[in-house]
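> Build the 3D model from these lines:
(chains A, B, C and D)
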There are 2 protein chains.
Amino acid sequence: MHMKTSDRITPRRRPGRPLSFDRDAALHAAMLVFWRHGYESTSLGDLTAAMGVTPPSIYAAFGNKKALFLEAVRRYVGEPAVSERLIAEAASARAAARALLDSAAAGFTGTDTPRGCLLASAAAAVSSDAADVQVELSAIRAAVVEQLSARLARGVADGELDPSLDPAAAASHVVAVIQGMSTLARDGATRATLDSIVAQVMRGI
Amino acid sequence: MHMKTSDRITPRRRPGRPLSFDRDAALHAAMLVFWRHGYESTSLGDLTAAMGVTPPSIYAAFGNKKALFLEAVRRYVGEPAVSERLIAEAASARAAARALLDSAAAGFTGTDTPRGCLLASAAAAVSSDAADVQVELSAIRAAVVEQLSARLARGVADGELDPSLDPAAAASHVVAVIQGMSTLARDGATRATLDSIVAQVMRGI
DNA sequence: GTGTTTACATAGCGATCGTTATGATTCACC
DNA sequence: GGTGAATCATAACGATCGCTATGTAAACAC
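Next up, the predicted model:
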């Protein structure tokens, strides 16, 4: 098979009129709106206003509202997922739990982003039309529980943690606290309050 | 001032055609729908279907959608609030915390009700139109934190609890766990999983 | 230049949203 | 029976929803 010009790995530019907006910046703006108002309560009008992009351009670039939301979620969790990296790079099992909790306490009270956690609030309760979206976010949460549970189990096996500690229960506990801190952060809780909760949780691990 | 017939404390019946539906049963049905699908993602169509009542009757009996939701919330939290009663009737500060956690674990995984907590999920993320609803639920959560915090402080003062325990932090911790357990319950967590989380939390109090 | 491809802006699609106008119906009271 | 009050069922209101048809503009290749 011979090499054609169109097979170039990185073509200078695709044919046709180029995008007139920054796709990544628009996605970021969409993420912030979904973060604040949730999936279903965010209208296309909210999105076009925040992204500075007209509806046809949104649909051309992202497919539809659901696909845009899921892409915003992927951007929110990171690639690879921030939580996964925090657990993997932690020096110990306890440090992994603490890293997740600290990251949440900081991220949920940031001044440049909406309060709370997008994963926790954006699809907490949705219509039947969005059941699949809810399942998607649920799977992400389940993965965090699973990964932290495995790390804590290793901590028990290594002798780092008290053998009486139930890794699955502790992991669920940590994730529950994280999800709950999202609610408190949205209610106005300060970073200091969340930090005190984290300290409380770490006492039990 | 003389007594007229219309001043009767409990008139047999008000004039006009009587209500053709059970107002309390309809409110209960509405509560369940809001519990499952949230405030904004529940449509009037969902409500009329579940309540068996036509739109004009809903508006005559409850005002509008927002008022109906707030009345459903009041029904959910109880009158007086179940959480308040649990704290007041607990034999100790620890028992108060445990009662709240146990009640949540049981209530969030009930078979006759939607999973999770209406307060946690029904208005987690809403449009600007529903900001006041969000504030209302936030106030309820804040009241629980406040009441539990006061009870734990009394426990410290009484010598029941470790003086190093921060009552406010512990109360926030408990409420965060409760709100987070709602998310896990919606994700499919079993009663046993929630119970194990509760046990984990109680170890630290 | 012509042709092709892609994105643009304008405008509007059908459906659903929360809400209500309308007139018939069912009760208490005289 | 007649009158007034309240609820009923039917139907539809204006607004907004997510989404798209249409024609023009801007880049490419030739």
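
> Check the gap between the residue nearest the centre of chain A and DNA strand D for me.
Note on chain A: the residue nearest the mean C-alpha position is residue A:77, at 3.2 Å, using CA atoms, centre = their mean. According to CB to the nearest atom of the strand, to the nearest Å, residue A:77 stands 22 Å off from DNA strand D. Placement of C-beta: from N, CA and C, glycine included.

> Which strand or helix spans the closest residue to that residue other than its chain neighbours?
Computed as CB to CB, 6 or more residues apart in numbering or on different chains, the closest residue to residue A:77 that is not its neighbour in sequence is residue A:140, at 6.2 Å. Assigned by DSSP states H and E, residue A:140 belongs to helix A:131-157.

> list the buried ones in that helix?
Buried residues in helix A:131-157, defined by neighbour count with 16 or more other CB atoms under 10 Å in any protein chain shown: A:133-134, A:136-138, A:140-141, A:144-145, A:147-153, A:155-156.

> pLDDT weak spots in chain A?
In the predicted model, chain A carries pLDDT under 70 at residues A:1-13.

> hang on, the earlier thing: other SSEs contacting the helix holding residue A:140?
helix A:65-77, helix A:82-89, helix A:93-107, helix A:118-121, helix A:167-187, helix B:167-186 (3 or more CB pairs under 8 Å, 6 or more residues apart in numbering or on different chains; DSSP states H and E).

> returning to what we had before: in contact with the residue nearest to the centre of chain A, which residues?
Applying CB atoms under 8 Å, 6 or more residues apart in numbering or on different chains to residue A:77 gives the contacts A:83, A:119, A:140.

> SS state for residue A:39?
Following DSSP: H, G, I helix; E, B strand; the rest coil, we place residue A:39 in the coil state.

> what's the burial count for the residue in chain A that DNA strand C sits nearest to?
Nearest residue of chain A to DNA strand C: residue A:16, at 2.0 Å (CB to the nearest atom of the strand). Each residue near residue A:16 was counted by other CB atoms under 10 Å in any protein chain shown, and the total is 6.

> Likewise for residue A:96?
Counted with other CB under 10 Å, residues neighbouring residue A:96 total 25.

> residues in contact with it?
Taking CB under 8 Å, 6+ apart, we find residue A:96 in contact with A:86, A:87, A:90, A:148, A:151, A:152.

> do you know how far residue A:68 is from chain B?
Between residue A:68 and chain B the computed distance is 16 Å (CB to the nearest CB, to the nearest Å).

> Let me see the contact set for that residue.
Contacts of residue A:68 by CB under 8 Å, 6+ apart are A:27, A:30, A:47, A:58, A:62.

> Turn the contacts of residue A:77 into CSV, columns for distance to DNA strand D.
Compiled in CSV, these are given as follows (distance: CB to the nearest atom of the strand, whole Å):
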residue, distance to DNA strand D
A:83, 29
A:119, 20
A:140, 22
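
> Out of these, the closest to chain B would be?
Distances from chain B to those, taken as CB to the nearest CB, are shortest for residue A:119 (8.9 Å).

> so the closest one sits right up against residue A:72, yeah?
No: between residue A:119 and residue A:72 there is no contact under CB atoms under 8 Å: 11.2 Å.

> So what's the residue count around the nearest residue in space to residue A:176 that is not next to it in sequence?
Of all residues not flanking residue A:176 in the chain, residue B:180 sits nearest, at 3.2 Å (CB to CB, 6+ apart). Using other CB under 10 Å, residue B:180 is surrounded by 28 other residues.

> I'd like to know how far residue B:180 sits from residue B:54.
Separation of residue B:180 from residue B:54 (CB to CB, to the nearest Å): 39 Å.

> next one: residue A:123
For residue A:123, the distance to residue B:54 equals 30 Å [CB to CB].

> swap in residue A:93?
Taken as CB to CB, the spacing of residue A:93 relative to residue B:54 amounts to 58 Å.

> Repeat that for residue A:119.
38 Å.
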